[in-house]
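Visitor: fold the following, please.
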Amino acid sequence: MILGLLAGEALLVLALAPAVGYYFALGRFSCPARERLALSEMTAVAIAATVRRGFDRSARHRG
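Guide: Numbers count the residues shown, from 1 in each chain. Predicted coordinates for the structure are as follows:
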């Protein structure tokens, strides 16, 4: 039972990974190069903010 639940959660994470990666890239490259953190210096908060920035940028383009 528990293994089945964990497998379902793993599939959900794998299904969402491309979308999160897309929003991360969009958010990262929508920021000027001089203001970007190095990837090795990014904290969980900075990563979440970058994904959010990408999601907001994407929503703006959708209209």
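Visitor: what packs against the worst-scoring helix or strand of the chain on mean pLDDT?
Guide: Lowest by mean pLDDT, DSSP states H and E among the helices and strands of the chain is helix 2-29, with a mean of 79. For helix 2-29, the helices and strands in contact under the criterion 3 or more C-beta pairs under 8 Å, 6 or more residues apart in numbering; DSSP states H and E are helix 44-62. C-beta: built from backbone N, CA, C; applies to glycine.
Visitor: so the least confident helix or strand of the chain versus helix 44-62, what angle?
Guide: Counting by axes from the mean of the first three to the mean of the last three C-alpha atoms, to 10 degrees, helix 2-29 points 70 degrees away from the direction of helix 44-62.
Visitor: buried set for helix 2-29?
Guide: When burial is assessed from 16 or more other C-beta atoms under 10 Å, helix 2-29 yields the following buried residues: Tyr23, Phe24, Leu26, Gly27, Arg28.
Visitor: closest one of those residues to Arg52?
Guide: Relative to Arg52, the closest of the buried residues of helix 2-29 is Gly27; by C-beta to C-beta it sits at 7.0 Å.
Visitor: please list all residues in contact with that closest one.
Guide: The neighbourhood of Gly27, defined by C-beta atoms under 8 Å, 6 or more residues apart in numbering, consists of Ala49, Thr50, Val51, Arg52, Arg53, Gly54, Phe55, Asp56, Arg57.
Visitor: list the contacts for Gly54?
Guide: Counted by C-beta under 8 Å, 6+ apart, Gly54 has contacts Tyr22, Tyr23, Phe24, Ala25, Leu26, Gly27, Arg28, Ser30.
Visitor: try 6 Å
Guide: Tyr23, Phe24, Leu26, Gly27 (C-beta atoms under 6 Å, 6 or more residues apart in numbering).
Visitor: now it: closest residue in space that isn't a chain neighbour?
Guide: Gly27 (3.0 Å; C-beta to C-beta, 6 or more residues apart in numbering).
Visitor: next, format the contacts of Gly54 as JSON lines and append distance to His61.
Guide: Below are these laid out as JSON lines (distance: C-beta to C-beta, whole Å):
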{"residue": "Tyr23", "distance to His61": "12"}
{"residue": "Phe24", "distance to His61": "16"}
{"residue": "Leu26", "distance to His61": "9"}
{"residue": "Gly27", "distance to His61": "13"}
